[in-house]
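1. fold the following.
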Amino acid sequence: RYLVGTLAVQNDIYTNTDGIDESCLNDVQHFTFDFGNPGDTILLSQYCLGCGDDDDTLDNAGGGCPPSVPECENGTSCWASHPNEYLSLDHYQPLNDSNSPEEACKDAGVITLGMPWHDMSDVSVCMACFDGGDHSRYYVQSTPAQHRSLVLIDERYDCKDGSSSAPHLTLPADFRFGAMVRSVPAFDRIWSNVGIGHQSGFMTQMNYTRLKLHLRTTGDSFVEFNPSLEEVRNAPHVMSASYTAPHQRWHVISAVAIGNEWFIANGDPKFGNDQPFQPPLDFMMDTGNGGISINDESLQDFLADATQGEWMHESGDGLASSFQRLVNTVYTPATAPPLELVLSGIPVTVPGNVWLMNDSGDTIFVKDERYNILGLPFMSAGGVGLVFD
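-> So this is what the prediction gives:
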């Protein structure tokens with residue numbers, strides 16, 4: 001469902017009398033590498049609270065995105081099932097100044113957290129609203145505290161061993177991120193998020209212009225920053241396509257096929273002129289999406305016809321019931337034909353037992369009110385490695 005990494009705070013100077021740092025890594029927490037996030041990195045902070053539906057501060061708040069940060073008196077830990085994964089208050093420093101970029105911070109007022117910096121107990125809060133008002137995150141623009149570093153780590157990394165070869169990436173001492181203090185409403189989910197979208201805060205601060213994703217549902221997955229272009233070009237079976245990036249990275253899907261049924265975009269020379277043509281479709285990619293989201297109505301109709309399926313509302317209450325998923329009653333995961341998507345001439349095959357998830361007929365296809373999105377089933381399909389330059 002997510003592409004998950006591990007982060008810790010490294011103590012840069014403390015050693016004990018034997019010269020060995022016994023607590024050089026602190027505040028280990030998990031986060032998602034988010035390809036769909038071109039904005040701020042957001043990390044869970046100590047005392048981050050998820051606001052419940054019974055919280056008085058949420059009355060008349062307008063869905064899941066109140067305009068100002070709620071007190072959340074009846075709140076619970078933001079990640080209730082992992083209450084010990086957070087940044088301690090003394091490991092980061094709020095940036096309560098006018099230098100915070102306005103485009104990266106929608107002002108949500110101030111909050112008092114009882115922080116150790118006595119002259120900064122009231123700090124400015126930013127708000128980010130997601131999924132059409134479904135939920136929001138409130139965070140404080142911050143940097144690591146003095147003599148502390150944020151480190152992305154392989155879980156085998158041992159900072160006591162100076163010769164440790166396990167992968168790790170130390171972020172700059174002045175790395176800007178959002179220390180998350182509230183979620184509305186309360187969801188028990190992984191919240192910390194390192195955006196690897198086009199020109200995100202992370203990519204920009206690290207001076208990364210290239211990104212490689214090697215994603216596998218079994219075996220090792222990895223993210224590589226600034227891979228060698230020479231190695232990429234000399235790899236076997238390399239194919240390339242252009243994309244646009246006005247904000248997100250956008251890619252053109254020129255054809256979709258399930259079995260012998262084809263949905264073909266106008267102008268794709270691969271298929272000649274004997275197929276029903278459709279307009280090319282723009283898709284974004286998102287590692288935070290566990291399926292393939294479809295906004296285009298003609299493609300929604302094609303998928304329903306090709307699978308002999310039906311678009312049905314998810315079972316459950318609230319958010320779940322608002323989604324429509326394509327449900328198939330003809331195939332099983334063992335008999336479903338492969339799904340082929342042609343990305344500007346590059347064919348990518350998604351196995352039948354991936355797009356059809358279970359014997360109940362649930363597919364990875366869901367309707368979306370705004371975008372066409374290729375999620376993890378596409379990005380990890382068929383042994384493909386993806387490099388974005």
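2. what's the helix ranked longest in the chain in contact with?
-> Among all segments of the chain classified by DSSP state H, the helix with the greatest residue count is helix 297-307. Here helix 297-307 makes contact (CB atoms under 8 Å, 6 or more residues apart in numbering) with 256, 258-259, 261, 263, 278, 281, 294, 309-311, 326, 328, 330-331, 363, 365, 367, 372. C-betas here are computed from N, CA, C, even on glycine.
3. can you select the buried ones among these for me in PyMOL?
-> A single PyMOL command selects the buried members of the contacts of helix 297-307 (16 or more other CB atoms under 10 Å):
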select buried, resi 256+258+263+278+281+294+309+311+326+328+331+363+365+367+372
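4. quick one on the thing from earlier: what's the following helix or strand after the longest helix of the chain?
-> strand 309-313 (DSSP states H and E).
5. that following strand: how far from the chain's middle?
-> A distance of 26 Å separates the C-alpha centroid of strand 309-313 from that of its chain, computed with CA atoms, centre = their mean, to the nearest Å.
6. ok, then the element right after that strand?
-> Downstream of strand 309-313 (by DSSP H and E), the next one is strand 324-328.
7. would you give the sheet partners of that next one, along with the direction of each?
-> strand 309-313 (antiparallel), strand 362-367 (antiparallel) (DSSP bridges).
8. any idea how far that strand is from the middle of the chain?
-> Distance, centroid of strand 324-328 to centroid of chain: 23 Å (CA atoms, centre = their mean).
9. which one, of the strands paired with strand 324-328, ends up nearest to D34?
-> Nearest of the strands paired with strand 324-328 to D34, taken as CB to CB: strand 362-367 at 18.4 Å.
10. the closest one to helix 297-307, inter-axis angle?
-> For strand 362-367 against helix 297-307, the angle by axes from the mean of the first three to the mean of the last three CA atoms, to 10 degrees is 160 degrees.
11. so which of the strands paired with strand 324-328 comes closest to L25?
-> Among the strands paired with strand 324-328, strand 362-367 sits nearest to L25 (CB to CB), with 36.9 Å.
12. state the mean pLDDT of the closest one.
-> Mean per-residue pLDDT for strand 362-367: 95.
13. so what touches that strand?
-> Outside strand 362-367, the residues that touch it by CB under 8 Å, 6+ apart are 290-295, 300, 303, 307, 309, 311, 323-328, 354-357, 375, 377.
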